[in-house]
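Participant: take this sequence and fold it.
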Amino acid sequence: MDKYLFLFFILFACSIHEGKSCFFYRKIHISVVNKLPNNSLPLSVHCKSRNDDLGNHTLTQNQDYNFSFCVIPIFTLFTCDLVWGDKTSRVDVYDATWLVDPCIKGQCLYEVYEIGTYINGERWGTWN
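Facilitator: Numbering: from 1, shown residues only. As a prediction, the model looks like this:
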């Protein structure tokens, strides 16, 4: 029994150390794609959670910004601030408290257009 417990501990420690596996939790992958018109200003994207600030990223047309994380039930919330010229929008890109998860099999594809933000083809946010 002690051998199995020790083996479990080693596997668990390795999975945490590598950071590639969520082990007990669900892994989510976020993609934000600039679908704004040709020759328009770039899209500025700043995503963060309570614990992680992922910094600012500037996207030209059809460029994307991607990140992944492990969901901690009830607590995980990621938002992205979008800036395009003088227009702004704050989008909840993942919230562990959602009753209906708009992501498909852990993949959340956000496309940003002139008229607003879409997730997996559904309208999700508007510009301020």
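
Participant: for C22, which non-adjacent residue is spatially closest?
Facilitator: Nearest residue to C22 in three dimensions, chain neighbours excluded: C70, at 3.6 Å (CB to CB, 6 or more residues apart in numbering). Backbone N, C-alpha and C define where each C-beta goes, glycine included.

Participant: pLDDT at the spatially most central residue of the chain, what is it?
Facilitator: What sits nearest the mean C-alpha location of the chain, by CA atoms, centre = their mean, is I30, with 3.3 Å. On pLDDT, I30 comes in at 97.

Participant: for it, which residues are in contact?
Facilitator: By CB atoms under 8 Å, 6 or more residues apart in numbering, I30 lies in contact with 47, 66-69, 78, 80, 93-94, 108, 110.

Participant: do the same with K27
Facilitator: By CB under 8 Å, 6+ apart, the neighbours of K27 are 21, 68-71, 106.

Participant: how about stretch 26-37: buried residues?
Facilitator: 28, 30-36 (16 or more other CB atoms under 10 Å).

Participant: between those, which is closest to R123?
Facilitator: Closest approach between the buried residues of stretch 26-37 and R123, by CB to CB: K35, at 13.2 Å.

Participant: wait, doesn't that closest one sit right on V112?
Facilitator: Yes. In this structure, K35 is within contact of V112 by CB atoms under 8 Å, at 5.9 Å.

Participant: how far does stretch 107-119 stretch from start to finish?
Facilitator: From its first residue to its last, stretch 107-119 covers 10 Å (CA to CA, to the nearest Å).

Participant: also stretch 30-49?
Facilitator: 13 Å.

Participant: what separates it from the chain centre, distance-wise?
Facilitator: Centroid displacement of stretch 30-49 relative to its chain, using CA atoms, centre = their mean, to the nearest Å, is 13 Å.

Participant: what's the answer for stretch 79-89, then?
Facilitator: Worked out by CA atoms, centre = their mean, stretch 79-89 lies 16 Å from the chain centre.

Participant: mind listing the residues bridging to W84?
Facilitator: Applying DSSP bridges to W84 gives these bridge partners: K87.

Participant: tell me the spacing between it and C103.
Facilitator: For W84, the distance to C103 (CB to CB, to the nearest Å) stands at 23 Å.
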